[in-house]
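Enquirer: generate a structure from the sequence data that follows.
(one chain, ligands or ions: 1)
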Amino acid sequence: MRVLLIEDEKDLARVIKKGLEEEGYSVDVAHDGEEGLYMAENYEADVIILDILLPVMDGLSVLREMRRSGIKTPVLLLTAKGDVSDRIKGLDTGADDYLAKPFDFGELLARIRALLRRARDVKEPIIRIGDLEVDTVSHEVRRGGKEIHLTAREYAILEYLAYNAGRVVSRTELIEHVYDESFDMDSNIIDVYIAYLRRKVDKGFGRPLIHTVRGAGYMLKERREG
Ligand code: CA
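Expert: Residues are numbered from 1 along each chain as shown. The predicted model follows:
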């Protein structure tokens with residue numbers, strides 16, 4: 001999952017980015033409102049973390065412009081502690097949630113996960129596809145009750161497919177949501193990871209769950225026919 005972080009306090013931005021990357025997110029950072037708006041319009045983020053007080057263009061204006069241009073990405077606002085009017089304005093401008101500074105990093109993670117679930121109509125933190133379980137909190141993966149060990153990148157790809165289970169996901173979309181802007185597009189890398197995932201998630205488990213959709217991409221789905 002890819003996060004766009006719009007935060008001008010560089011030390012804080014660095015800490016958040018590092019923490020999120022340790023959790024397997026790919027993170028793009030913008031240090032002012034204008035740059036943030038540009039990135040929101042040009043990169044596919046799954047969640048946007050948006051500070052209210054920003055140079056060049058303030059957070060609420062960024063949010064207003066984003067919503068006006070049709071960007072539906074969930075937005076988590078970072079507000080000053082105790083500033084109720086900013087929270088109200090933020091939610092009424094199209095923010096999905098807010099968190100007051102200073103915040104606990106665990107709470108930031110939990111709110112991001114909640115926004116990811118809500119955006120995809122996933123109700124539970126453990127996503128189940130057939131006998132496959134993807135635990136989006138602990139990052140544990142099980143199939144038929146048996147634990148499967150994945151690398152961080154393998155997990156990130158499987159998690160994205162799991163959040164979008166039943167829908168075809170193209171290689172480009174996978175790259176856009178699993179890597180950040182510093183990655184130069186070579187969609188062959190996705191095929192390599194899918195091969196690893198098949199070896200771990202499908203091989204020896206009977207019915208495969210990872211499907212190739214010719215000319216379109218990949219889909220995680222339990223197929224009942226056959
Ligand atoms: Ca700020």
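
Enquirer: CA atoms of the lengthiest helix in the chain as PDB?
Expert: Ranked by residue count under DSSP state H, the longest helix found in the chain is helix 105-120. Extracted in PDB, the C-alpha atoms of helix 105-120 (Å, rounded to 0.1, in the frame of the first residue of the first chain):
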ATOM      1  CA  PHE A 105       2.600   5.900  16.100                       C
ATOM      2  CA  GLY A 106       0.500   2.700  16.800                       C
ATOM      3  CA  GLU A 107      -2.700   4.800  16.500                       C
ATOM      4  CA  LEU A 108      -1.600   6.300  13.200                       C
ATOM      5  CA  LEU A 109      -1.100   2.800  11.900                       C
ATOM      6  CA  ALA A 110      -4.500   1.600  13.100                       C
ATOM      7  CA  ARG A 111      -6.200   4.600  11.600                       C
ATOM      8  CA  ILE A 112      -4.500   4.000   8.200                       C
ATOM      9  CA  ARG A 113      -5.600   0.400   8.300                       C
ATOM     10  CA  ALA A 114      -9.100   1.400   9.100                       C
ATOM     11  CA  LEU A 115      -9.200   3.900   6.200                       C
ATOM     12  CA  LEU A 116      -7.800   1.200   3.800                       C
ATOM     13  CA  ARG A 117     -10.500  -1.200   4.900                       C
ATOM     14  CA  ARG A 118     -13.300   1.400   4.600                       C
ATOM     15  CA  ALA A 119     -12.100   2.400   1.100                       C
ATOM     16  CA  ARG A 120     -12.400  -1.200  -0.100                       C
END
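
Enquirer: which positions within it qualify as buried?
Expert: 108, 111-117 (16 or more other Cβ atoms under 10 Å). All C-beta atoms are positioned from the backbone trio N, CA, C, and that covers glycine.

Enquirer: my guess is Leu37 meets Arg67, correct?
Expert: No - the criterion here is Cβ atoms under 8 Å, and Leu37 misses it with Arg67 at 11.2 Å.

Enquirer: who has more neighbours out of these two?
Expert: Neighbours per residue (other Cβ atoms under 10 Å) separate Leu37 from Arg67, with Leu37 holding more: 23 against 15.

Enquirer: now the more buried one: closest residue in space, sequence neighbours ignored.
Expert: Val62 (5.0 Å; Cβ to Cβ, 6 or more residues apart in numbering).

Enquirer: one more: Asp135?
Expert: Counting by Cβ to Cβ, 6+ apart, Ile126 is the residue found nearest to Asp135 once chain neighbours are left out, at 4.9 Å.

Enquirer: out of the buried residues of helix 105-120, which is nearest to Ser85?
Expert: Distance to Ser85 across those (Cβ to Cβ) is lowest for Arg111, with 20.7 Å.

Enquirer: residues in contact with the closest one?
Expert: With contact taken as Cβ atoms under 8 Å, 6 or more residues apart in numbering, Arg111 is in contact with 76, 97, 99.

Enquirer: and stretch 89-97, what's buried?
Expert: For stretch 89-97, the buried set under the neighbour-count rule, 16+ other Cβ under 10 Å, comprises 89-90, 93-97.
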